[in-house]
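>>> Got a predicted structure plus its sequence, pasted below:
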Protein chains: 2
Amino acid sequence: MKITPISGFPEHLPAERIIEQQFLDVIRETFELHGFASIETRAVEPVERLLGKGGDADKEIYAVTRLAEASEGRADSDAELGLHFDLTVPFARYVLENAGHLSFPFRRYQIQKVWRGERPQEGRYREFTQADIDVVDVGELAPHFEAEMPLVIAEVFRKLPVGRMVIQVSNRQIPEGFYLGIGVEDVVGTLRIVDKLDKLGRAKVRELLVEAGRTPEQADQCLALAAIRTEDLSFVDQVRALGVEHPTLDAGLDALAAVIRTGLDNAPGALVADLKIARGLDYYTGTVYETQLVGYESWGSFCSGGRYDSLASDGRTTYPGVGISIGVSRLLGLLIGKGLLVASRSTPACVLVAVNDEESRAVSTGVATELRARGIPCEVAPKPAKFGKQIRYAERRGIPYVWFPGAAGDGDGERGDQVKDIRSGDQVDADATSWEPPTQDLRPQVVRAQS
Amino acid sequence: MKITPISGFPEHLPAERIIEQQFLDVIRETFELHGFASIETRAVEPVERLLGKGGDADKEIYAVTRLAEASEGRADSDAELGLHFDLTVPFARYVLENAGHLSFPFRRYQIQKVWRGERPQEGRYREFTQADIDVVDVGELAPHFEAEMPLVIAEVFRKLPVGRMVIQVSNRQIPEGFYLGIGVEDVVGTLRIVDKLDKLGRAKVRELLVEAGRTPEQADQCLALAAIRTEDLSFVDQVRALGVEHPTLDAGLDALAAVIRTGLDNAPGALVADLKIARGLDYYTGTVYETQLVGYESWGSFCSGGRYDSLASDGRTTYPGVGISIGVSRLLGLLIGKGLLVASRSTPACVLVAVNDEESRAVSTGVATELRARGIPCEVAPKPAKFGKQIRYAERRGIPYVWFPGAAGDGDGERGDQVKDIRSGDQVDADATSWEPPTQDLRPQVVRAQS
């Protein structure tokens, strides 16, 4: 059987996987520092639930059936199942299913694979990893959670070696109130056109707005609002200067100001108020978030989200929420694909313990056991080859140290060990019960590639 | 739409998930200490490859198709895909696909979900997590790797709060050589019957062996061999005492002695030579491993594996390997299901920072930012409720500390903070830039439940 990759289902070589693991570790650690609890949901949901939000989502769903039943022509006795295409639908179902066992407001994170049957293209996969945080509450959700979300994300991106990631924030109430204030009733229709600014440019969007029934003056006002982008609170004055009044606009400006102020206090430089951000027109109702990786703006947002008044509802109780999702695979697809990041080695092993001859392998294994007991990842050489060959074995994998049992002679005939840093060639006496590598050598390092 | 769990697809509540995370962390950390590199493979393989090993595996496979194409009645343009049912088939494919980019012997670990369409029952799931290590080499695999595998597993189980896990080891060459030595030619058929000892008992197995054409004397010899179980090297003498001679038996005894000796040196008490262990009759060719959780022997093995002469082959090159797989979900299903383990809290947060009033939330957020900068997971109270209520919020989640900004008065009018251990009620002055919780409180603890 010929072996070929399956389009849209990327896999990593070990050194690339080390980069992915470090990203996932930083994301998890940061989510946990902010008190988000982990959950994992099953990979499958009833197809009916996956289709629930209407629209053309069905095009993207992978159905799952037992092969035996399919080939026997029997209908599956289970509900018809599909692979989840995001982590929000399963989370909403999990909240409803377990509401009696959860404490609200419930802060959860979820880092899992999702699947979409879309046509694969650069930066778009059929299997990919998302990392989501959400806070969900019963009945009402306090607005301060909308200010809290981007702090978590800012911390993640400050810790990751990705360069500068800017979190663009707006509040859905701002365009809504503004449009109503200038006499535009079709808020969603107008937003949908304005949302195409990045793709089509101002002139074309103005044309489309007028075609859709806005007056030229209204179109100019809409574009003036969308052009406002500030790192501080001055966006409020800039909006005010456009001379539009509406209570929903006031509420939106206050809410966005609170988010930006919290950002300035706790994550200076990470947030920007950007009034053209729209996103998820069908369900977001308050703050919305997008991100831009500086220098790679054309790749679009790697991390997006917002506030929704009804994440889930069982008919009696409504659960409002706010959340952000990091597109881990898309981000790594760019950074690894473009060769922007490299791992210092392709294995966790920090030390290769050399073997003098097969008879003394037990001595080398004993050294490895000592090193591991103190948290130093290591591997025993597979063969008692010439030392030069054993060193090349380490070199090929990027293992920085080779340990030589019994290499150090001493006066009274007892033999000690030596360890060699194969990058510098330095070889020194060492004792497996006390030797420590420098901290930066203990785990593989992920660094920006030299370009 | 009614929400009901899907049989065989278990999900955890947050406190249970914390137990699972700690298990996965210990497993990963130990695998890495032993120099295994992580890989992840896509969830899907061509159905043709999944069916490759023949037999009745097809009953267990979940087929994956694009819903849109299925409903349009079009054949899928992709190869027919199925969810992987183990991690060995995808690993073998990965090795063949990437052989040119891997360094051999290649040590990899893989911790992922797998799916089987089997009928769910206690301890058997349709979606579950496996944690595998394998070493694979080109052409030949050195026997010392067979001794190394159980050291890794012994270390995992020594670190996990599971009680005593015994690793039972045998070598396929021992029964093979022994059977040939007593004139039994049908080695696999005989092993297949002896393998039923635990289920059927000695008398019944003896009956079956005789029915299958063994002489009563041969049957007794087979049973005598299978009864040998020693923690040290004395199994060799016990086998010798049965008076059977065959070169394959000698080779098997030497190989098993080497494995047990390495275990005695590096993981005393963890291994036992148990000559009735068979497993995977179709593909294992050397050492085989099983485990027993002491006190829960009837649950069967939670961790098994062995050596196979041909993990993968592309026709020209053969890749022999040795591996073990931990059934993480099965193990947790027992330990969590029986209430044997509990997590000390249901959130990573170690501290709840109280909020005096909504106007001063920024002060509380500032405290949280300070604590997080020093690696202390925390959460800011969702509401400026009465302190009793904020403490109960922490209590309900098991968060051990509540931080009160400005609770400490001092002489010159400056106000400091206090922190309360809500388990003891002790409340002391504290500074967010220097306070540290005791190490055991920093992360949730997983402990054996009091019975």
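Right, received. Where do you want to start? Numbering: from 1, shown residues only, chains lettered A, B, ... in the order given.
>>> bridging residues for the residue nearest to the spatial centre of chain A?
Nearest to the mean C-alpha position of chain A, by Cα atoms, centre = their mean, lies residue A:326 at 3.0 Å. Taking DSSP bridges as the rule, residue A:326 bridges to residue A:131, residue A:303.
>>> these two touch, right, it and residue A:301?
No: under the contact definition of Cβ atoms under 8 Å, residue A:326 does not touch residue A:301, with a separation of 10.2 Å. For the C-beta atoms, the positions are set from N, CA and C on the backbone; glycine is no exception.
>>> still on that earlier bit, residues contacting the residue nearest to the centre of chain A?
Residue A:326 sits next to A:27, A:130, A:131, A:132, A:153, A:156, A:302, A:303 when contact means Cβ atoms under 8 Å, 6 or more residues apart in numbering or on different chains.
>>> for the last one, what are its contacts?
Listed by Cβ under 8 Å, 6+ apart, the contact set of residue A:303 reads A:153, A:157, A:165, A:167, A:289, A:290, A:291, A:324, A:325, A:326, A:327, A:331.
>>> Find me the pLDDT at it, would you?
Residue A:303 carries a pLDDT value of 95.
>>> again, but for the second one
Reading off the confidence values, residue A:130 has pLDDT 98.
>>> and which of the contacts of residue A:303 is nearest to residue B:6?
Closest approach between the contacts of residue A:303 and residue B:6, by Cβ to Cβ: residue A:325, at 23.8 Å.
>>> Find the residue closest to that closest one in space, skipping its chain neighbours.
Computed as Cβ to Cβ, 6 or more residues apart in numbering or on different chains, the closest residue to residue A:325 that is not its neighbour in sequence is residue A:132, at 4.5 Å.
>>> ditto for residue A:60
residue A:116 (4.3 Å).
>>> hmm, back to that, the residue nearest to residue A:325: neighbouring residues, count only.
Counted with other Cβ atoms under 10 Å in any protein chain shown, the neighbours of residue A:132 add up to 21.
>>> just residue A:51 next, same as before
When neighbours are counted by other Cβ under 10 Å, residue A:51 comes out with 17.
>>> go on, residue A:4?
9.
>>> Equivalent analysis for residue A:425, please.
Neighbours around residue A:425, by other Cβ under 10 Å: 8.
>>> how about it, secondary structure?
Using DSSP: H, G, I helix; E, B strand; the rest coil, the structure places residue A:425 in coil.
>>> For it, what are phi and psi?
Dihedral pair for residue A:425: phi 90, psi -10, per degrees, to the nearest 10.
>>> got it, and residue A:111?
According to degrees, to the nearest 10, residue A:111 has phi -120, psi 110.
>>> Pull up the distance across stretch A:289-300, start to finish.
12 Å (Cα to Cα, to the nearest Å).
>>> got the buried residues for it?
A:289, A:290, A:291, A:292, A:293, A:296 (16 or more other Cβ atoms under 10 Å in any protein chain shown).
>>> contacts for it?
By Cβ under 8 Å, 6+ apart, stretch A:289-300 touches A:123, A:149-150, A:153, A:157, A:162-169, A:274, A:277, A:279, A:301-306, A:324, A:330-331, A:334.
>>> Give the PyMOL command for selecting the buried subset of those.
Those of these that count as buried under 16+ other Cβ under 10 Å are selected in PyMOL with:
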select buried, chain A and resi 123+149+150+153+157+162+165+166+167+168+169+274+277+279+301+302+303+304+305+306+324+330+331+334
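>>> Filter the contacts of stretch A:289-300 down to just the ones in helices.
Counting by DSSP state H, the contacts of stretch A:289-300 place A:149, A:150, A:153, A:157, A:330, A:331, A:334 in helices.
>>> for the fourth one, what are its contacts?
Applying Cβ under 8 Å, 6+ apart, one finds that residue A:157 lies in contact with A:165, A:167, A:270, A:291, A:303.
>>> of all these, which comes closest to chain B?
The shortest approach to chain B among these belongs to residue A:270, at 12.5 Å (Cβ to the nearest Cβ).
>>> and that closest one, what is it in contact with?
A:150, A:154, A:157, A:158, A:165, A:166, A:167, A:263.
>>> What pLDDT does the model give it?
Reported pLDDT for residue A:270: 96.
>>> The residue nearest to residue A:134 when sequence neighbours are not counted: neighbour count?
Spatial nearest neighbour of residue A:134, chain neighbours left out: residue A:323 (3.3 Å); criterion: Cβ to Cβ, 6+ apart. Number of residues near residue A:323 (other Cβ under 10 Å) recorded here: 24.
>>> just checking, residue A:323 touches residue A:141?
No: in this structure, residue A:323 is not within contact of residue A:141 by Cβ under 8 Å, at 10.8 Å.
>>> can you list residues touching both of the two?
Common neighbours of residue A:323 and residue A:141 (Cβ under 8 Å, 6+ apart) are residue A:135.
>>> Show me the shaky parts of the stretch 1-150 of chain A.
A:1, A:53-59, A:70-79 (pLDDT under 70).
>>> Please repeat the previous calculation with a cut-off of 50.
A:55, A:74-78 (pLDDT under 50).
>>> Which one of the residues in it is closest to chain B?
Nearest residue of the stretch 1-150 of chain A to chain B: residue A:35, at 3.2 Å (Cβ to the nearest Cβ).
>>> mind listing what that residue touches?
Counted by Cβ under 8 Å, 6+ apart, residue A:35 has contacts A:107, B:347, B:348, B:349, B:377, B:378, B:379.
>>> and it, which of the three is it?
coil.
>>> now the strands for the stretch 51-200 of chain A?
Ranges of strands in the stretch 51-200 of chain A, per DSSP state E, counting those that start in this stretch, are A:62-66, A:81-83, A:106-115, A:127-136, A:165-171.
>>> Thought residue A:399 was touching residue A:390, still the case?
No: checked against Cβ under 8 Å, the pair residue A:390 and residue A:399 is beyond contact range at 10.4 Å.
>>> need the residues of the stretch 201-350 of chain A near chain B, please.
By Cβ under 8 Å from any Cβ of the partner chain, the part of the stretch 201-350 of chain A that sits against chain B consists of A:261, A:262, A:265, A:266, A:346, A:347, A:348, A:349.
>>> Mark out where each domain of chain A begins and ends.
Annotated domains of chain A cover A:1-43+A:84-161+A:278-343, A:173-267, A:351-437 [automatic domain parsing].
>>> Would you mind giving the ones you listed as a markdown table with distance to residue B:218 added?
Listed next are those as a markdown table, based on distance: least, Cβ to Cβ, whole Å:
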| stretch | distance to residue B:218 |
| --- | --- |
| domain A:1-43+A:84-161+A:278-343 | 41 |
| domain A:173-267 | 76 |
| domain A:351-437 | 37 |
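>>> Return stretch A:104-118 as PDB; C-alpha atoms alone will do.
C-alpha atoms of stretch A:104-118 as PDB (Å, rounded to 0.1, in the frame of the first residue of the first chain):
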ATOM      1  CA  PHE A 104     -20.900  29.200  38.300                       C
ATOM      2  CA  PRO A 105     -19.400  31.400  37.000                       C
ATOM      3  CA  PHE A 106     -17.600  28.500  35.400                       C
ATOM      4  CA  ARG A 107     -14.200  29.200  34.000                       C
ATOM      5  CA  ARG A 108     -12.900  26.500  31.700                       C
ATOM      6  CA  TYR A 109     -10.200  25.900  29.200                       C
ATOM      7  CA  GLN A 110     -10.200  23.300  26.500                       C
ATOM      8  CA  ILE A 111      -7.300  22.300  24.300                       C
ATOM      9  CA  GLN A 112      -8.300  19.800  21.700                       C
ATOM     10  CA  LYS A 113      -8.400  18.800  18.100                       C
ATOM     11  CA  VAL A 114     -11.300  19.700  15.900                       C
ATOM     12  CA  TRP A 115     -12.200  18.500  12.400                       C
ATOM     13  CA  ARG A 116     -13.700  20.300   9.400                       C
ATOM     14  CA  GLY A 117     -14.300  18.800   6.000                       C
ATOM     15  CA  GLU A 118     -13.300  22.000   4.200                       C
END
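>>> Since that was my last question, I'll sign off now.
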